[in-house]
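A.B. asks: Structure for this input, please:
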Amino acid sequence: MSRYEDLVRVAAEVARIPRGDDGAPVFHEPWEAQAFAMTLALHEQGLFTWTEWAAALAAAIKQAQASGDCDDGSTYYQHWLAAIEQLVRDKGIATEQALAERRGAWDRAAHATPHGQPILLENDPLR
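C.D. replies: Have a look, this model is predicted:
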């Protein structure tokens, strides 16, 4: 089984990955595909096992549901990203402060980027 198939299988045990009519994963925004790819890369580097990943994703989804998440699938990759961030914190790879700073940089870059252009971290005016 490929690493992609492993990730799809593990994620499906928690919550199915959104798929199109052709069965392929659907990513509504580029960052969703990047979060998916980042998960594969971090697993390959040995940061977490698939069991740990499934537990982190399940916890992120449950926390969002408890906070009133719309639970219609539109926020799936937000939970995915929350799970990655939690694992990175738990493993001591990055602090909450470092993650918050990076989120802020991306937010500022997004606001400084002209419509229709790719959002690049280099566009952060505070960089």
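
A.B. asks: Next one: the residue nearest the centre of the chain from Gly116, what distance?
C.D. replies: For the chain, Leu81 is the residue whose C-alpha lies nearest the centre (Cα atoms, centre = their mean; 2.4 Å). Distance, Leu81 to Gly116, by Cβ to Cβ, to the nearest Å: 24 Å. For glycine as for every other residue, the C-beta is placed from the backbone atoms N, C-alpha and C.

A.B. asks: next one: Tyr76
C.D. replies: Where Gly116 is concerned, Tyr76 sits at a distance of 25 Å (Cβ to Cβ).

A.B. asks: So, low pLDDT: which residues of the chain?
C.D. replies: In the predicted model of the chain, residues 1-4, 8, 12-13 satisfy pLDDT under 70.

A.B. asks: Domains in it, by residue range?
C.D. replies: Domain assignment of the chain by automatic domain parsing yields the ranges 3-94, 101-127.

A.B. asks: ok, how many other residues are close to the residue nearest to the residue nearest to the centre of the chain when sequence neighbours are not counted?
C.D. replies: Leaving aside its chain neighbours, Leu81 sits nearest to Ala35 (5.0 Å; criterion: Cβ to Cβ, 6 or more residues apart in numbering). Counted by other Cβ atoms under 10 Å, the residues lying close to Ala35 total 19.

A.B. asks: same check, this time on Asp69
C.D. replies: Asp69: 17 neighbours (other Cβ under 10 Å).

A.B. asks: Ok, Thr75 next?
C.D. replies: Neighbours around Thr75, by other Cβ under 10 Å: 14.

A.B. asks: which residues does it contact?
C.D. replies: Ala64, Asp69 (Cβ atoms under 8 Å, 6 or more residues apart in numbering).

A.B. asks: redo that, cut-off 6 Å
C.D. replies: Thr75 sits next to Asp69 when contact means Cβ atoms under 6 Å, 6 or more residues apart in numbering.
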